[in-house]
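A.B. asks: The following block contains a protein sequence and its predicted model.
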Amino acid sequence: MKKIISIRLTKIITVIASIVRACARWREAIFWLEIASSCPPFLAGTRDDVKVFLRNSILPIFILFLFSFQLIAQDKGSLLIKNGTVLTVTQGTLTETDVLVKDGKIAQIGKNIAAPKDARVIEASGLFVMPGIIDAHSHIALDGINEATSPVTAEVNEGDVINPLQISIYRALGGGVTAVHAMHGSANAIGGQCETLKLRYGTFDNDALKMEGAPRTIKLALGENPTRVHGGGNNIVPRTRMGVEFVIRNAFSEAKKYTEDWDTYNKNKLTKGFRGAPPAYNLRLETLGEILKGNIIVHCHSYRADEIFMLLKVCKDFGIKRLVFQHVNEGFKVAPELAAYGAMASVFSDWWAYKFEVYYSTAYNAAILTKNGVTTSINSDDAEMMRHLYHEAGKTQKYGSLSDDEALALITINPAKQLGIDSRTGSLEKGKDADIAIFKNHPLSIYGVPQYTIVDGIVRFDRAHDPADMRLMVDPKQNLDDTMVQEKNVDHCMDGTEFLFGDLFGTDNK
Amino acid sequence: MKNFQRNLNQNNRPSSRVTAMMEIASLPNTNPMQMLAKMFSIFRMPNFQLLSGFLTALLCAVVFHIEAQNQKGKYGTFALTHSTVETVTKGTITDGTVVISNGKIVSVGTNVTIPQGAEVIDCKGQFIYPGMIDGGTNLGLSEVGSDPRTQDFNELGDVDPQMKALTAVNPNAVAIPVTRVSGVTTALTSPSGGIFSGTAALINLHGYTPEQMFAGFEGVVMNYPSGGRRGFFDHRTDEEIKKATEKSLKTLNEVWERAVQYYKVDSATKGKNAGYYPEMQALLPVVKGDMMLLIEVNKAKDITATLKWVKERKISKVALTGVAEGWRVADQLAKAKIPVITGGVLELPTREYDRYDQSYANPGLLKKAGVKVAIRTMEKGNQNFRNLPYHAGFAVAYGMDKADALKAITIVPAEIFGVADKLGSIEVGKSGTLFVCDGDPFETKTQIKQVFIDGWQIPMSSRQTLLYDEFLKREPGLSKK
């Protein structure tokens, strides 16, 4: 009986939901109904419980429902942050300073700014206001990481598999992160295209997470991962670092030929009496061609100095200038070469020893690269570490004595440069997007705790007022007792390739 | 060597003599005494510029000699003066002195007589803390995470209490110096996997044999059969997990009953006729209550079940490890009076609907409920046990009292492991195992200046610092010329 009631009510609500879906512009509204349909009284209550529940909650739900439209319709917020210590990163530190945000942009930074009417005021005296943290290497908010079916898969795009419901997005906000580079994995020498996301948690719209106007990026991968997946797992080239170079050169050469064929065709078709057919369209080569034209930034998973140097030469030969190395644990060994080329580096603060190609690492990597003039960032590649990138940046003060601004740049303006979004994010400057993190205690201190995280002027994380459970979508069938105790430091870059390696992640599983 | 002789014979000009001496100095693998002898042979040649040349060469010899091999530890009497001493157990001493001699702390205080011949190290503006103890490592048992040939912490089989970590600890593992130069001087190195993983050992991170490193504690590691998922890659259905758990629990209970039977036979025959049964022999001291059982358990329901399991079997020496969801059942843990080694702290919450900072807050919540809490890293995959002070620091940022967090990585683990007479605080008579730093050790800005383990002054270098020294300003740089 209980079940029947709950099923009926669920059905009614689902019908209402579908009507709303049809009428409303904001898909988010459905969320409240779906929450309602999964409320405990509906699932487990008696008839009386349900009656009481309905009587007591229809009105609040309705009000919440209307309220949600109002909240979510507002994509760009306005607010005033008062009396904070403002760490601009690019223009020094300003004490007892206000930051005024209008329609999602930083309108003014200065003292004693009057609060505009209706704007929310955040009292930040004693707090530290810094640019929202940017993670140049993440795999959150994605439903697929590795298209591990070919050594070259430039045609696939992470932008097609964005999942805005993942709780890891909210948890990252809890660490002051406002933007991430959602990357393809490292199974393939040339992997898929990646997507730069803003953490607009609360939306149900996949596309709403995309940072509009951010440059296109693509993942390349060298070393152990592509060789063990393809040479080891699939028995095809590459099995060695020589093979990796060949695969990449081969792909770029084909793309060059493809682009030339199209250019020739486009030129010839204008001439009178031309009768040739166009070359066959190929999305993979089309994408690779865009890399050669400089329209896609290369982000290359790499560890060893030799392979980093190899890719520098390959890129030089093909005229590719926009190049960022990811992980790049041995980047410190070829720091002068990276600096001379203008290639950038996005590193771990201290991860090492989890595989052979990171055995000769040093936690001083970021400092050596920075001091050699390489634009360097610190990334997470991990949903947990992402939550304390400020702490990871702080470690460069232990390992290499970087200054506060140098350390903060590693997680703000430098990753912004690497993603090509530094004109809009990465520092607190007038006219930039209002992506802001507000900390109790200095963010480089171990006692630094993010209090507010603001994306486009909207407070998406508020430590004092957010409830414990921040899921957007609740699966009513989920086992409440389902826990996950993570074995730390597994290689998320290889997520989705478990089928090839029984023991890839399970070092502890017998 | 031959080249050098030829050089010497052909060119008898002073400048080339200097060059020749520099060459001697830079020859690899040369005994310093032989080097000096060669230099004196040059010295016999009459020349006024020789003296300065000799001094230059001698300096080079010293420098090259240091660079040619890893530095060694140093034993003796050390007086660390003018320092703030955080004793942990007996408060803070300002402008204090700590004297280490023959491996032990011989005096602590503001009014300390410095023994004759002691090496005095001025620690003005610096702080002395007891060495930090990480209760969650596999130090020395793993070299490279993805290479099974370098991993010695997970033997085949589900019941392996007789597998001893201490026998497989590689004293020369690269991670050991990397860890100790950060002030983590002592670590529990644990086998893992299965139901009874093996016997863990507490080691001090200095020594050339496992015995030299042994810090006086061993305990059997047990994994309470868990109903939790191991990670995103664990694709088992709920049903499969349930079945596997039930099967493991059955095995666990059978093994324990057998161990109790073995104990009965052993005591009835006064240890003579129980027979060769390595698994049971390894469990015997645990059943007797002479050795600690370290039970890894994380899920709330499992913790409750573990407490019941322990109580029913009247196991007297127990500590729970992991305890990620301890905050859910903190009162039960406090009531059971079983100590906890929790962590890593820098972890994700175990459930999607838990508050985002729950794992950071866990140690503080346990402590508040009255549980005896030590903090560990468990950063096994990347051998980052050096991050122990940061795990404690995060516990502080999210609610734990700072003094309690410091205790949780010093005296509390020492007490749990039964070695508080030697480790965990700065007190006269304890082992000379401590570190000196220039600030709050939880802060990433802080530099560790000195480390002493068992009275040995530890060289402040590791492969990671050597790489820094070599590559900060690489030579040759961009051009080889």
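C.D. replies: Yep, that arrived.
A.B. asks: burial measure for the closest residue to residue A:352 other than its chain neighbours, as a count.
C.D. replies: Leaving out its chain neighbours, the residue that sits closest to residue A:352 by C-beta to C-beta, 6 or more residues apart in numbering or on different chains is residue A:361, at 3.7 Å. Bear in mind the C-beta positions are built from the backbone N, C-alpha and C, glycine included. By the criterion of other C-beta atoms under 10 Å in any protein chain shown, residue A:361 has 26 neighbours.
A.B. asks: Pull the contacting residues for residue A:361.
C.D. replies: A:329, A:330, A:351, A:352, A:353, B:464 (C-beta atoms under 8 Å, 6 or more residues apart in numbering or on different chains).
A.B. asks: same check, this time on residue B:348
C.D. replies: A:171, A:383, A:384, A:484, A:486, B:359 are the contacts of residue B:348 under C-beta under 8 Å, 6+ apart.
A.B. asks: do the same with residue B:449
C.D. replies: B:123, B:126, B:435, B:436, B:437, B:438, B:460 are the contacts of residue B:449 under C-beta under 8 Å, 6+ apart.
A.B. asks: And for the residue in the stretch 251-400 of chain B that chain A sits nearest to, the neighbour number?
C.D. replies: Proximity to chain A, evaluated over the stretch 251-400 of chain B using C-beta to the nearest C-beta, is greatest for residue B:381 at 3.1 Å. Using other C-beta under 10 Å, the number of residues around residue B:381 comes to 21.
A.B. asks: where does it land in three-state SS?
C.D. replies: For residue B:381, the assignment made with DSSP: H, G, I helix; E, B strand; the rest coil gives coil.
A.B. asks: my read: it touches residue A:358, true?
C.D. replies: No: under the criterion of C-beta atoms under 8 Å, residue B:381 is not in contact with residue A:358, lying 10.8 Å apart.
A.B. asks: on that earlier part again, can you flag which of the contacts of residue B:449 belong to strands?
C.D. replies: B:435, B:436, B:437 (DSSP state E).
A.B. asks: ok, the residues you listed vs residue A:465, which is closest?
C.D. replies: Among the ones in strands among the contacts of residue B:449, residue B:437 lies closest to residue A:465 (C-beta to C-beta), at 37.8 Å.
A.B. asks: for the closest one, what are its contacts?
C.D. replies: Counted by C-beta under 8 Å, 6+ apart, residue B:437 has contacts B:126, B:127, B:129, B:183, B:446, B:447, B:448, B:449.
A.B. asks: mind giving me TSV with these and columns for distance to residue B:413 and secondary structure?
C.D. replies: What follows is the contacts of residue B:437, written out as TSV (distance: C-beta to C-beta, whole Å; DSSP: H, G, I helix; E, B strand; the rest coil):
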residue	distance to residue B:413	secondary structure
B:126	24	coil
B:127	20	strand
B:129	14	strand
B:183	14	coil
B:446	21	coil
B:447	24	coil
B:448	19	strand
B:449	23	strand
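A.B. asks: Now compare these and name the two farthest from each other.
C.D. replies: The most distant members of the contacts of residue B:437, if one measures by C-beta to C-beta, are B:129 and B:447, lying 13.2 Å apart.
A.B. asks: of the two, who's got more company?
C.D. replies: residue B:129 (24 against 15).
A.B. asks: So what's the predicted local confidence for that one?
C.D. replies: Note on residue B:129: pLDDT of 98.
A.B. asks: Not counting sequence-adjacent ones, nearest residue to it?
C.D. replies: Using C-beta to C-beta, 6+ apart, the closest residue to residue B:129 is residue B:86 (5.0 Å).
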